[in-house]
Structures are given as C-alpha cells and as structure tokens.
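K.L.:
Need coordinates for the following:
(2 chains)
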Amino acid sequence: MKRLLILGAGTGGTIMANKMRKILDREDWDITIIDQHKTHYYQPGFLFIPFGMYTRKDVVKPKTSFLPIGVHVIFQVIDRIDAPNNHVILQDGISLKYDFLIIATGTRVVPDETPGLKGPLWHKNIFDFYTIEGALALAEFLKTWQGGELVLNIADVPIKCPVAPLEFVMFADAFFVERGMRNKVNISYSTPMSGAFTKPRASKMLGALLEQKNINIIPDFYLEKVDNEKKILVSYDEREIPFDCLVTVPVHKGDPMIGRSGLGDEMDFAKAHKHTLQSDFFPNIFVIGDAGNFPTSKAGSVVHFQADVLTENLLCAIENRPFTESFDGHSNCYIETGFGKGALIDFNYDTEPLPGSFPFPGIGPFGLLKETRMNHYGKLIFRWIYWHILLKGKEMPIDSKMTMAGKKM
Amino acid sequence: MAQKIIAGVTVDVNEEGYFTNPAQWTKELAAEVAREEGIQLTDKHYAILDFLRERHSKGEALTIRSVGNSGIIDIKGFYGLFPGAPMKKAAKVAGIPKPASCV
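P.N.:
Reported below is the predicted structural model:
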C-alpha cells in the first residue's frame, strides 16, 4: 500500500484530498491528511466581520465536513518532515511514512516580528483582521468608537489576499458614511509598496478610487516599530504616523515546521518551482498555496487554479512521466469597494490586471477592473461556491489558465 | 526597448532606468548608476548587490526583510546605504528588474 500524505487541511489540502481520492485507486493508495485544527475558516469572510456584516457562524465549519470518505484524518501538530527518509514526524512522536507528500500548511500572521505591535494596545486600539479573534475584537471596538485617526498599515509583503486591506478601508469609508460620522474619521492607507496595488493599471484604478473616497495613501512606508505610548507608527526611515485606531496587516510567515525541516526560505515559505509546484529539494514533495514561495498572490483563487495543475503533475510524478502541466500564476479576485459595489481583477505571472468582461468575453456578467453591482454579488455568492463546490474539488466554469479573451489591452 | 549609455557602454533599460538584461551588468556600471542616485559604493554595497543578483537569478522574491535576514546588514543599515527607497535603488544599481512585490 502506498501513501499520499497531505499536510494541512485548509483550502489547498482539502481540495487536493478530494481530487486525489477520486483518482487514486483505494486498493493501492492510502491518503492521509494532517492538521492541528479541527475548524475550517472561510478566511475571505473575515473582512466582513469588523463591520457587522458577518459573524463568527458565517465563517466557520468543521474541517471533516469537506473531506471525502476514504481519506484518513489526523488532528495533530506536525513536528517536522524528515524528507531524506520520506517520513513526517508528529508532535506526539508518531512517524508516518509517505511515498508522495503535499505541503499545504498555509501562512500565518506574526505580529511579534514588529516591535511594539503586540504591546499594551493590542486588541484595545490595535487590531488585525486576518484572524477571527482580531476581526471580532475590531467589530466590538467599532461599535462604540467616536472617531479619530484610523490607520491601516501593511507591515510587509507578501500578505494573504493583497486586495483585502484596500477593501477594508473602502468598507470603513462606507461604514462611517452610513453612521453619519465620516467627518469625524480620517482614514489612511500606509503600505511598503509605492502605490495602492503592485500591478500598474490596477494600482492606478484602485488609487483613484481611494482618492475619490477621501482615503489618504501613504506609500513606501516600511514599518519598523509601534510606539504604544505616543500612539504612532515609525518607519525605518523615521517617518511617523499617529493613530487612534490601528488596523494592522502584520508580517506573514510560513509554518515554522517548514523551516525546521530545512525545506523553506528565511520566512519559512516552502521553496518550490513556480510552474511545476515541485519542491526545490525533493522530487516526491509538492507545494500548494500560501505555504509556498511562489511569486503570486496568496489567495484561495490561486490555490484553486494550482490544484488543477498539481493533480496532473502529481500523477506524472507517480507514473514517472515528464510533467504535463505548468502553473501560469493565474489569480482572480473580487474587490469590495463599498456601498454595494465591487471590482474584479484577473491576472497571472506575466499579464497584469486588464479591463474587460469575465468570464464570457463581451458578456460578463462580471466587469474587469471597474466598479459594478454585479461584482459585489459575485463576491457574496462566492462564499456558497467556496463551501459547496471549490473545497470539494468539483469543476468550475473557469479555466485554471488565464485567458486573454474578454480583456482589453 | 530603451537603451542607455552608462560609462561608455550601451545597455538595455526600461523606461525607469532598470536593466532589462542583468547579464549586461558589471561592477563599473553599478558604480556609475549609483553615482546618478547620489550613492558612492563601498564593499558593503557590493555585498548587498551580489546577494540581490544571486537571489534574482534563482527566481526568488526580493524584499527588504530578506536583505535584513541575509546576515550582511540589518534593515536600518540597508536604509542607510540606499536612502529613501532601498530596495528600488539597490535593484537599479544591481542591474536587476524593479522588485514587483509578490502579487
């Protein structure tokens, strides 16, 4: 009996368990998935929590609900991967042998990387919304806040869902307008990047939107520390931003287990080939999603597209054939812009987001790189699609490769 | 594609002055590009340039934090050597594309 071991039962691990169980013969292949947590979070939903649009129950479900029959599930902390010997060692000392391994352990926020961030004001005036705890604490805070300086800061890139911080400040604008207190709140968006977004045309479009909404962009701000007493952010080049409420997107890292196993870069992201998804170190190890050092967005849509490529390439590796699939960096993001509207971007490693219609050229129903009501509904409907279609590895009407059809140069 | 004559040598650059072909880079050209940015290169600068070029050649992402973790210099010191926007300036001097940030 051979074994496919999957580390991490988040979006990537769950999709791969579903896809591979359908393909690999149960007589020959055991599939085992390991995760330390029993709860699956719909992470895109965290954004909606601070504004009271979602509560905890809208974003959590048990992980086992999404794993197929015939896949063994182990809830345990992973100590390390002993890759030269094809073993994974769990915290309780149990050792599991594998023939092939998929690393899908994701990324996490590490506020401790920035001095003062997790100081006395943590979850009092300083909040993150990339964890359920942070999002809920911020929701409580905003219910009674009287206004002042609201500062969003991105400590460093890469981050999960690079558009979420933009969505946050646009939601905040709408939230305070609707409460009749927008004139009491200054909203700033401070980022280590040179603009609202990394890709030029999207950055221009989104930058203009922020300006329209009177949101102040502070570019090239690389956070060194937070002074809790003075309530200021300080950058490495000694610029200061005062805040009354700081919403932080802390430094992101991979799972420390990746570092312990010698399979990652200095931020514990597993090193792997950006097209084949194979580990740089061992041919029977593959990486999917946020856990990898791929130069792409860390987002569920990327994981979903990678899963199609990984399924094919894993089969190639198992059958000792050359790889037949190549991941192009395809990413597809709905962007909430507030007041019931949204934008949509679709891009890959080589092509930046362009205007047009999606997924059907000329028809849509979604508009690329523009604000429409339909895009907002797309984002809301997506939660249903995520739970019922995407996680289960079922077919979606969107190709894993990006297409130029419907896009305007 | 634009070209630029730096220290008597013609190199391919983009509209912002970044090398489009890292193979055309030499230490002498780096010194000249640095001068245009108002920087006098030292051994410490060159150690950083080598680090960035090596990472770039392996297709790895370039971030200020990765330089800070390189053992060559800390982030504060990196700002001291390439004032203002260290990663953008260092990439320009190192003859590699402007870091796109990972998105």
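
K.L.:
Show the contacting residues for the nearest residue to residue A:280 once chain neighbours are set aside.
P.N.:
Once flanking residues are discounted, residue A:280 sits nearest to residue A:271: 4.2 Å by CB to CB, 6 or more residues apart in numbering or on different chains. Every C-beta, even on glycine, is put in place using the N, C-alpha and C of the backbone. By CB atoms under 8 Å, 6 or more residues apart in numbering or on different chains, the contact set of residue A:271 is A:263, A:264, A:265, A:279, A:280, A:281, A:292, A:293, B:60.

K.L.:
For those, which single residue is the most surrounded?
P.N.:
The most crowded member of those, judged by other CB atoms under 10 Å in any protein chain shown, is residue A:292 (32 neighbours).

K.L.:
and it, what is it in contact with?
P.N.:
Contacts of residue A:292 (CB under 8 Å, 6+ apart): A:103, A:269, A:270, A:271, A:272, A:277.

K.L.:
Nearest to chain B among the residues you listed?
P.N.:
residue A:271 (8.0 Å; CB to the nearest CB).

K.L.:
Looking at the contacts of residue A:271, which are in strands?
P.N.:
Using DSSP state E, no member of those sits in strands.

K.L.:
mean confidence for stretch B:16-27?
P.N.:
Mean per-residue pLDDT for stretch B:16-27: 92.

K.L.:
Listing request: residues of chain B with sub-threshold pLDDT.
P.N.:
Confidence mapping of chain B against pLDDT under 70 gives the ranges B:1, B:100-103.

K.L.:
neighbours around residue A:388, how many?
P.N.:
11.

K.L.:
Quick one: residues contacting it.
P.N.:
Contacts of residue A:388 (CB under 8 Å, 6+ apart): none.

K.L.:
Which SSE is immediately downstream of the longest helix anywhere in chain B?
P.N.:
Counting by DSSP state H, the longest helix found in chain B is helix B:43-57. Using DSSP states H and E, the helix or strand that follows helix B:43-57 in sequence is helix B:64-68.

K.L.:
wait, residue B:19 sits on residue B:91?
P.N.:
No: using CB atoms under 8 Å, residue B:19 is not in contact with residue B:91, being 9.1 Å away.

K.L.:
Now the common contact residues for these two.
P.N.:
Residues touching both residue B:19 and residue B:91 (CB under 8 Å, 6+ apart): residue B:97.

K.L.:
When the two are compared, which one has more neighbours?
P.N.:
The residue with more neighbours, out of residue B:19 and residue B:91, is residue B:19; 25 against 22, by other CB under 10 Å.

K.L.:
what about the helix ranked longest in chain A, distance to the chain center?
P.N.:
Across chain A, the longest stretch assigned as helix under DSSP H is helix A:300-318. Centroid displacement of helix A:300-318 relative to its chain, using CA atoms, centre = their mean, to the nearest Å, is 17 Å.

K.L.:
residue in the stretch 301-409 of chain A nearest to chain B?
P.N.:
Counting by CB to the nearest CB, the stretch 301-409 of chain A gets nearest to chain B through residue A:331 (7.9 Å).

K.L.:
List the residues that contact the nearest residue to residue A:390 once chain neighbours are set aside.
P.N.:
Leaving out its chain neighbours, the residue that sits closest to residue A:390 by CB to CB, 6+ apart is residue A:304, at 5.7 Å. Taking CB under 8 Å, 6+ apart, we find residue A:304 in contact with A:11, A:15, A:390, A:396, A:400.

K.L.:
Check which helix or strand residue A:226 maps to.
P.N.:
Assigned by DSSP H and E, residue A:226 falls in strand A:223-227.

K.L.:
Give me the contacts around that strand.
P.N.:
Residues from elsewhere that reach strand A:223-227, judged by CB under 8 Å, 6+ apart: A:114-117, A:119, A:121, A:126, A:153, A:155-156, A:190, A:192, A:232-236, A:246, B:75-76.

K.L.:
Pull up the pairing partners for the next helix-or-strand element following it, direction included.
P.N.:
Note on strand A:223-227: by DSSP H and E, the next helix or strand toward the C-terminus is strand A:232-235. Sheet pairing of strand A:232-235 (DSSP bridges) gives strand A:223-227 (antiparallel), strand A:240-242 (antiparallel).

K.L.:
Which positions within the first one qualify as buried?
P.N.:
So the one you mean is strand A:223-227. Buried positions in strand A:223-227, judged by neighbour count with 16 or more other CB atoms under 10 Å in any protein chain shown: A:223, A:224, A:226.

K.L.:
swap in stretch A:388-405?
P.N.:
Buried positions in stretch A:388-405, judged by neighbour count with 16+ other CB under 10 Å: A:390, A:391, A:392, A:393, A:398, A:400, A:402.

K.L.:
Which stretches in the chain count as helices?
P.N.:
Just going to use chain A. A:11-23, A:132-144, A:164-178, A:200-212, A:256-260, A:300-318, A:373-385.

K.L.:
meant chain B actually
P.N.:
Taking DSSP H, the helices of chain B run over residues B:27-36, B:43-57, B:64-68, B:75-81, B:86-93.

K.L.:
Counting neighbours, what do you get for residue 39?
P.N.:
Using chain A. Neighbour number of residue A:39 under other CB under 10 Å is 11.

K.L.:
that's the other chain; I wanted chain B
P.N.:
Counted with other CB under 10 Å, residue B:39 comes out at 18.

K.L.:
Skipping its backbone neighbours, what lies nearest it in space?
P.N.:
Once flanking residues are discounted, residue B:39 sits nearest to residue B:82: 6.6 Å by CB to CB, 6+ apart.

K.L.:
Quick one: residues contacting that neighbour.
P.N.:
Counted by CB under 8 Å, 6+ apart, residue B:82 has contacts B:37, B:39, B:45, B:89, B:90, B:93.

K.L.:
Can you name the residues of chain A that neighbour chain B?
P.N.:
Contact residues, chain A versus chain B (CB under 8 Å from any CB of the partner chain): A:156-158, A:162, A:192-194, A:197-199, A:220, A:222, A:224, A:236-237, A:251, A:265-267, A:271, A:274, A:293, A:295-298, A:331.

K.L.:
Mind giving me the PyMOL select for the residues you listed, buried ones only?
P.N.:
In PyMOL, this line selects whichever of the residues of chain A next to chain B come out buried by 16+ other CB under 10 Å:
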select buried, chain A and resi 156+157+158+162+192+193+197+198+199+220+222+224+236+237+251+265+266+267+271+274+293+295+296+297+298+331
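
K.L.:
hang on, residue A:16 packs against residue A:104?
P.N.:
Yes: between residue A:16 and residue A:104 there is a contact under CB under 8 Å: 6.6 Å.

K.L.:
More neighbours: those two, which one.
P.N.:
With neighbours defined as other CB under 10 Å, residue A:16 and residue A:104 compare such that residue A:104 has more, 31 against 28.

K.L.:
what's near enough to touch that one?
P.N.:
Residue A:104 neighbours (CB under 8 Å, 6+ apart): A:6, A:7, A:8, A:9, A:10, A:12, A:13, A:16, A:287, A:288, A:289, A:291.

K.L.:
Residue A:2 pairs with what?
P.N.:
Bridge pairing for residue A:2 - DSSP bridges - gives residue A:29.

K.L.:
Next, find the distance separating it from residue A:17.
P.N.:
16 Å (CB to CB, to the nearest Å).

K.L.:
pLDDT check: weakest of the contacts of residue A:304?
P.N.:
The minimum pLDDT among the contacts of residue A:304 falls on residue A:396, with 82.

K.L.:
How about the contacts made by residue A:172?
P.N.:
By CB under 8 Å, 6+ apart, the neighbours of residue A:172 are A:51, A:150, A:152, A:185, A:187.

K.L.:
Of those residues, which is the nearest to chain B?
P.N.:
residue A:152 (16.7 Å).

K.L.:
I figured residue A:344 hits residue A:368, correct?
P.N.:
Yes: look at residue A:344 against residue A:368 with CB under 8 Å: they come within range, at 5.5 Å.
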